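Peer 1: Fold the stuff below for me.
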Amino acid sequence: MITNYITLHVNGEAFNCLTTMSLKHLLLYLEFDISLVAVEYNGEIVPMDKLEAIILKGNDVVEVITIVGGG
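Peer 2: Residues are numbered from 1 along each chain as shown. Predicted structure coming up:
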């Protein structure tokens, strides 16, 4: 069985993942609470309902901003 990997950048760091991974699966794998993040994919903000439809490609750039509450 041959497994294919791609390299992309997540918050400025190189990251290898499977060629079949969606943006949502990447976030879950990295243990982000997807209800508390904003995601930029290749320079564009992604609506939460579109995360699973985006299949990652080599050299993609993902920026994840965690929303923190406090007072």
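Peer 1: correct me, but I6 touches G58?
Peer 2: Yes: with contacts counted by Cβ atoms under 8 Å, I6 reaches G58, the gap being 4.0 Å. Glycine gets a C-beta too; all of them are placed from N, C-alpha and C.
Peer 1: between these two, which one's more packed in?
Peer 2: Set side by side, I6 and G58 show more neighbours around I6, with 16 against 11, by other Cβ atoms under 10 Å.
Peer 1: How are the strands of the protein distributed by residue range?
Peer 2: Assigned strands in the chain, in chain order: 5-10, 13-18, 37-41, 44-46, 61-66 (criterion: DSSP state E).
Peer 1: Model confidence for the closest residue to K57 other than its chain neighbours, exactly?
Peer 2: In space, and not counting its chain neighbours, K57 is closest to I6: 6.5 Å by Cβ to Cβ, 6 or more residues apart in numbering. I6 is assigned 95 on the pLDDT scale.
Peer 1: so who does I6 touch?
Peer 2: Applying Cβ atoms under 8 Å, 6 or more residues apart in numbering to I6 gives the contacts 16-19, 56-60.
Peer 1: Select only the buried ones of the residues you listed in PyMOL?
Peer 2: Buried members of those, defined by 16 or more other Cβ atoms under 10 Å, are picked up in PyMOL with:
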select buried, resi 17+56+60
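Peer 1: Tell me how far the spatially most central residue of the chain lies from N4.
Peer 2: Closest to where the C-alpha atoms of the chain average out (Cα atoms, centre = their mean) is L23, at 4.2 Å. Distance from L23 to N4, counting by Cβ to Cβ, to the nearest Å: 18 Å.
Peer 1: that older thread, quick one: which two of the contacts of I6 are the most distant?
Peer 2: Distance extremes for the contacts of I6: the farthest pair is L18 and N59 at 15.4 Å, using Cβ to Cβ.
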